[in-house]
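Asks: pasting a predicted model and its sequence here:
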Amino acid sequence: MTKLIVLLVGVAIIGFIVWWFFGKHQVTSAEAAVKDNHQSVDIEVSGGYSPEKIVLKRGVPAVLNFTRKDASTCLDRVVFSDFGINQELPQNHRESIEIDTSKPGDYEWACGMDMFHGKLTIK
Ligand SMILES: [Cu+2]
């Protein structure tokens, strides 16, 4: 009986570890709505990015509005290395970043220290 309990607890712990490392954690994503040949997405910066996955339509001028609520200096810059963007994000200020949507693909953005990440898809 004890062996069975130990086995069950062991299986439960392994299951938890597998879920923790490989499970699909909830990721907030947003697809930009196109209006009058313009698209924009608002992103809140607080302990990470919300949404952290963004889909933009190819060829439509796009703006990402970052608002940093987090006081941490870790998130005070946002870097889109593929686009040569390294933008300062003053706290509680809406910072608009124009994105060139001419080339479809998957791109990443990150904080200035490359610790927090977001994903941008242009299609
Ligand atoms: Cu950082």
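Replies: Arrived safely.

Asks: end to end, how far does stretch 88-105 reach?
Replies: 25 Å (C-alpha to C-alpha, to the nearest Å).

Asks: wait, residue 119 sits on residue 106?
Replies: Yes. In this structure, residue 119 is within contact of residue 106 by C-beta atoms under 8 Å, at 6.6 Å. Every C-beta, even on glycine, is put in place using the N, C-alpha and C of the backbone.

Asks: which one's more surrounded, those two?
Replies: Neighbour count, other C-beta atoms under 10 Å: between residue 119 and residue 106, residue 119 has more, with 16 against 10.

Asks: excluding residues flanking it in the chain, which one is nearest the most centrally placed residue in the chain?
Replies: Ranked by distance to the mean C-alpha position of the chain (C-alpha atoms, centre = their mean), the top residue is residue 52 at 2.1 Å. Of all residues not flanking residue 52 in the chain, residue 118 sits nearest, at 4.5 Å (C-beta to C-beta, 6 or more residues apart in numbering).

Asks: also residue 67?
Replies: Leaving aside its chain neighbours, residue 67 sits nearest to residue 94 (4.9 Å; criterion: C-beta to C-beta, 6+ apart).

Asks: looks like residue 115 contacts residue 74 (just checking).
Replies: Yes. Residue 115 is within contact range of residue 74, at 6.1 Å (criterion: C-beta under 8 Å).
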